[in-house]
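In: Got a predicted structure plus its sequence, pasted below:
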Amino acid sequence: MDLDVDALDAQDAIASSIEHIVPKTDDPRTPAFTFRAIFLGCLFGIGLSLANSVWAFRTNASISTSGATFAVVASYPLGLLWHRFVPAHSFWNPGRFSVKEHVVIYVLTHASSVPYGMENVVSQAMPTLMNNQNITFFHALAFVFVTQFTGFGFAGLCRRFLVKPAAMLWPTTFSTLAIGSGLDSEATRTEFIIEEGIEVQRGVEQSPPTSTASDSHLLRISVPQLKLDGPDKTVEPLEFPTTTTDSPQSRPKVYKTTRQQAFWYSFLGMYLYSFIPEFLFPALQTVSICTRSSFEGLSSGAMGTYNALASSTNGVGLFSFTFDWYYIQAGYLTTPWWAILCFVAGNMVLSWGATILLYQSDTWGLNTVMTTDSINPILNSVKLFNGNPNSTTHKLGSVVNPAFFYNVSSNYDLNSTAYQDVSPIHITSFFAVQYGSSFLTIAAVLSHVGLWYGKTIRRQVKSALNQVADSFDAMDLHNQMMSEYWDPPDWMFLVFAVLMGVMCFCVTMFTPFVMPWWGVLLNLSVTGVLIVPCGIIQAISGIGISISVLAEFMMGSIVPGQTVAVMAFKSLALNNLNQGILLVSGLKLGHYLHVPPAAIVGAQFLGTAINAIASTSVTWVMMFHSGELLDANHGEWQYMVYQTFYSDGAIWGAIGPKRFFGIGSLYEGLLWCFLVGFLCPFGPWLCDRYLYPAKFWKYVNFPLIFTLSGVGGFQNTILSAMLVGFTFQVVVFKYRKQWYHTFNFVMASGFDMGLGIAVLSIAILGISGLKPPYNALNPNLENVPLDYYCYAGANYLDFDCKYYSLKNSSDPRAC
């Protein structure tokens, strides 16, 4: 029995939400890029940039973009007050605070995440990492600017592929759509309402409604198409259903709680709840499924094989879970269920399957010797380990700081003599699997997109070359309405891309972030080739694909041993892609809510410039003037994101992919992942084409299945994230569909912002020295890890004296 494709599409919670949260009318005269929108957006953008730059130094730096959604909601009452008290003026107060101004504020503040180029800046300039004292603040700012802006030129050139097609959903925009449309509908319930069989002008109802439609403009799903004509571009319905019903069963449920109220309830609830796992009982942040029965015969501080694997801090977090929203966040409420299944299933196979098998078989050796505490073997680490038993400087299996084999006098290139003393460098099996997953993913992206979307891309490329609108896209309702606005032509984005390319040449020639001139050209070519396929994956699933390993592999193979050049190439390539896709998602949001594309581009550029200056400034202060906050004993402030980039620079730059992954090297087997990743998408495609045609096969998305990240942080999200996704994307959608469409995306944003403000509040409490008393759920993290119960001889306060006798008999805590 074949699957009904249309029925399957209707059951996709994310896709079906478009009909409920995207308005189907537009007034082109509504102002968008106004002074008050820019003022409020800049105000929130600066604050969010500062906060995100501080949070980036946390051990699990899960930087959420929901701060932009918070700005949208918080700016709403400010906009209303502005409209009420500021004298009417075309510049200062052009009228009612509109949803289009909300979108401009969102796009401007959405650029407030920490720039990816900052990882390179911190890795090279921070005293505890490379400590390159030649880097000045202005060098850092220039590098951040070029990495933030270059990708925008490519984004403008691929709009016809990633913005205009209706199939490009961009689920990550739906929370903002729900809030923006909800706030706008609450402010003007009757503006541009289209009811079945009646005419409605702005705010004036001509006749009583006779249909069952809600008075909110969000539910105008009975109008299949609109036409825009006349000097005022009045929106008129062209055809209507032939039957209507007033039965109570057919009426959509009207909730007394508005979307705005739901956001603030969610915000307050998560703000208060987050104090439980983040402040009062931190052990709830990550719950490891360990067994104390394996402690018999173990020395104090030892874990045993099972616990070492199962621990969410030391191992792969086998069946671990979390009660802390910080490790889940709104993505699992807004990502399609099929994408969550692919992602979770892949993480289970790679983390709990492949990693454990590779560890148990000791595939690369030293699995039981690599350690960070001199007692237990470690899996969950991004550090480098000595693999030379004859080393004169390091014990076998001990941690090697990459600074050991950097030649500082030669721009931090490889010091071959020092490297030989600790080579071959080893990494944990978990870290190796993460590299393998990156190889699998980038290869699978190319074949998956080519197989499933190749025909569409070819059709749109042909239309672009002929300078005509794509016939399929032209039928889309929103494309028809957006045709009323001026859209910056492709040549403007092409010129901008060229200018930014010239700036990249200048920065890489005249700052310490050195890269060969041809490296810039290669970098821009990689972005041009990959932005469309990677954008398609994110547009349909809501999950982004990273090309960091591909960039490292390419540049590291060409210039082995040149650490700085490889790190600069990686930062530029990855952020070109990230920033290009960020602008495309903003343009899609504006497409849904009918905001002029020029206003979106202007807001994105302004927000990015503000973010670059603010984030660089705060990061500079954190690196050099944060006191003891980033001390090694502060477990929550270990800047793991920057340490990972630092280790990557050593592996791909100083050592180089040829020494580390090349033929004859220790990790040469991982190269097969490129071939395996490329071939895997052919399986479901061939099944759909020749064996059993069904929509199901298109959802077997190997780029998502192969995605694995987060090694070094707490391994606690797989089960919790799957439970959250199943609850909302399946159960709630199936049994409370109207509630889902009304509140799900708003609540997701409220949760994330409540969490973000709680984390900031708790950080302030920590700086002030306020701490709750130690107990079983609040261990003393200066002495024991969060999952202390996985270790023999440990309690929530400390290890017993035998542990210190084993490590250092002169320690006063020793027996």
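Out: Alright, I've got the coordinates.
In: The nearest residue to Gln434 once chain neighbours are set aside and Tyr435, how far apart?
Out: Nearest in space to Gln434, with sequence neighbours left out and distances taken as Cβ to Cβ, 6 or more residues apart in numbering, is Val711 at 4.8 Å. (C-beta placed from N, C-alpha, C; glycine too.) From Val711 across to Tyr435, the span is 9 Å (Cβ to Cβ, to the nearest Å).
In: Equivalent analysis for Met554, please.
Out: The spacing between Met554 and Tyr435, counted by Cβ to Cβ, is 15 Å.
In: got it, and Arg29?
Out: Distance of Arg29 to Tyr435, computed by Cβ to Cβ: 54 Å.
In: Where does the nearest residue to Val449 once chain neighbours are set aside fall, secondary structure wise?
Out: Once flanking residues are discounted, Val449 sits nearest to Pro533: 3.9 Å by Cβ to Cβ, 6+ apart. Here Pro533 sits within helix 517-541, counting by DSSP states H and E.
In: buried residues in the very next helix or strand once past that helix?
Out: Sequence-wise, the next helix or strand downstream of helix 517-541 (DSSP H and E) is helix 548-558. Buried residues in helix 548-558, counted by 16 or more other Cβ atoms under 10 Å: 548-556, 558.
In: Give me the contacts around helix 548-558.
Out: By Cβ atoms under 8 Å, 6 or more residues apart in numbering, the surrounding residues in contact with helix 548-558 are 435, 438-439, 442, 519, 522-523, 526, 565-566, 569-570, 573-574, 648, 651-653, 656-658, 661.
In: mind listing the helices for the stretch 701-815 of the chain?
Out: Secondary structure of the stretch 701-815 of the chain, counting by DSSP state H, counting those that start in this stretch: helices at 702-705, 718-726, 733-735, 737-767, 801-807.
In: out of those helices, deepest packed?
Out: Compared across those, helix 702-705 shows the largest average neighbour count, a mean of 26 (mean count of other Cβ atoms under 10 Å).
In: which other helices and strands contact that helix?
Out: Where contact means 3 or more Cβ pairs under 8 Å, 6 or more residues apart in numbering; DSSP states H and E, helix 702-705 is packed against helix 337-347, helix 429-465, helix 517-541.
In: coming back round to it: compare the helices of the stretch 701-815 of the chain and give me the one nearest Val400.
Out: With Cβ to Cβ as the measure, helix 801-807 is the member of these nearest Val400 (20.3 Å).
In: Rounded mean pLDDT for the closest one, please.
Out: Averaged across helix 801-807, the pLDDT comes to 87.
In: Would you mind pulling the contact partners of that helix?
Out: If you take Cβ under 8 Å, 6+ apart as the criterion, helix 801-807 is touched by 299-301, 374-375, 793-794, 811, 813-815.
In: what do you get for stretch 504-514?
Out: Counting by Cβ under 8 Å, 6+ apart, 120, 124, 132, 134-135, 139, 142-143, 146, 150, 411, 515-517, 519-520, 523-524, 564-565, 567-568, 572 sit against stretch 504-514.
In: in it, what's buried?
Out: For stretch 504-514, burial by neighbour count (16+ other Cβ under 10 Å) applies to 504, 507-508, 511-514.
In: Got the phi and psi for Asp413?
Out: Backbone torsions of Asp413, given as degrees, to the nearest 10, read phi -70, psi 180.
In: For it, which residues are in contact?
Out: 406-407, 561-564, 654 are the contacts of Asp413 under Cβ under 8 Å, 6+ apart.
In: List only buried entries from the contacts of helix 801-807.
Out: In the contacts of helix 801-807, the ones that pass as buried (16+ other Cβ under 10 Å) are 300-301, 375, 793-794.
In: Distance to Lys462 for the residues you listed - can I get that in JSON lines?
Out: Below are those laid out as JSON lines (distance: Cβ to Cβ, whole Å):
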{"residue": "Ser300", "distance to Lys462": "70"}
{"residue": "Gly301", "distance to Lys462": "66"}
{"residue": "Ile375", "distance to Lys462": "64"}
{"residue": "Gly793", "distance to Lys462": "70"}
{"residue": "Ala794", "distance to Lys462": "66"}
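In: any weak-confidence spans in the stretch 551-700 of the chain?
Out: Residue ranges of the stretch 551-700 of the chain with pLDDT under 70: 631-636.
In: returning to what we had before: let me know the closest of the buried ones among the contacts of helix 801-807 to Phe323.
Out: Ala794 (21.3 Å).
In: Pretty sure Ser312 sits against Thr286.
Out: Yes. Judged on Cβ atoms under 8 Å, Ser312 makes contact with Thr286 at a distance of 4.4 Å.
In: what is in contact with those two at once?
Out: 320, 714-716, 787.
In: Let me see the contact set for the residue found closest to Ala612 once you drop the neighbours it is linked to in the chain.
Out: The shortest distance from Ala612 to any non-neighbouring residue, by Cβ to Cβ, 6+ apart, is to Val144 (4.9 Å). If a contact means Cβ under 8 Å, 6+ apart, then Val144 has 115, 117-118, 121, 612, 615-616 as its contacts.
In: Sticking with Val144, tell me its helix or strand.
Out: For Val144, the host element (DSSP H and E) is helix 137-157.
In: ok, then the element right after that helix?
Out: Using DSSP H and E, the helix or strand that follows helix 137-157 in sequence is helix 159-162.
In: Settle this for me: Gly544 is touching Ile581, isn't it.
Out: Yes. Between Gly544 and Ile581 there is a contact under Cβ under 8 Å: 7.0 Å.
In: which one of those two has more residues nearby?
Out: Set Gly544 next to Ile581 and count neighbours by other Cβ atoms under 10 Å: Ile581 wins out with 25 against 16.
In: low pLDDT regions in the stretch 351-500 of the chain?
Out: Counting by pLDDT under 70, the stretch 351-500 of the chain has low-confidence residues at 460-461, 463-476.
In: which residues in it form strands?
Out: Listed in chain order, the strands of the stretch 351-500 of the chain (DSSP state E, counting those that start in this stretch) span 384-385, 399-400, 406-407, 413-414.
In: would CSV of these with distance to Leu806 be doable?
Out: Shown next, in CSV, are the strands of the stretch 351-500 of the chain (distance: least, Cβ to Cβ, whole Å):
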stretch, distance to Leu806
strand 384-385, 21
strand 399-400, 19
strand 406-407, 33
strand 413-414, 37
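In: highest average neighbour count across these?
Out: A comparison of those by mean neighbour count, using mean count of other Cβ under 10 Å, puts strand 384-385 on top with a mean of 24.
In: Show residues contacting that strand.
Out: 366, 370, 397-402, 425-428, 647, 650-651.
In: which among the residues you listed end up buried?
Out: 366, 370, 397-398, 400, 402, 425-428, 647, 650-651.
In: which one of those residues is nearest Ala56?
Out: Nearest member of the buried ones among the contacts of strand 384-385 to Ala56, counting by Cβ to Cβ, is Ser647, at 16.8 Å.
In: for the closest one, helix, strand, or coil?
Out: Put simply, Ser647 is helix when judged by DSSP: H, G, I helix; E, B strand; the rest coil.
In: Residue numbering should commence at 102 henceforth.
Out: Right, with 102 as the first residue, what we last looked at is Ser748.
In: show me what contacts it?
Out: Contact analysis of Ser748 by Cβ under 8 Å, 6+ apart lists 483-485, 503.
In: cutoff 6 Å now
Out: Contact partners of Ser748, counting by Cβ atoms under 6 Å, 6 or more residues apart in numbering, are Val483.
In: One more: Glu220?
Out: Glu220 neighbours (Cβ under 6 Å, 6+ apart): 743, 746.
In: Double-check that it belongs to a strand.
Out: No. Assessed with three-state DSSP, Glu220 is helix; it does not lie in a strand.
In: And it, what's its pLDDT?
Out: Listed pLDDT for Glu220 reads 91.
In: which residue packs closest to Asp474, ignoring adjacent ones?
Out: Asp474's closest residue in space is Gly402 (Cβ to Cβ, 6+ apart), at 7.3 Å.
In: ok, now Gly498?
Out: Nearest non-adjacent residue to Gly498, counting by Cβ to Cβ, 6+ apart: Val470, 3.4 Å away.
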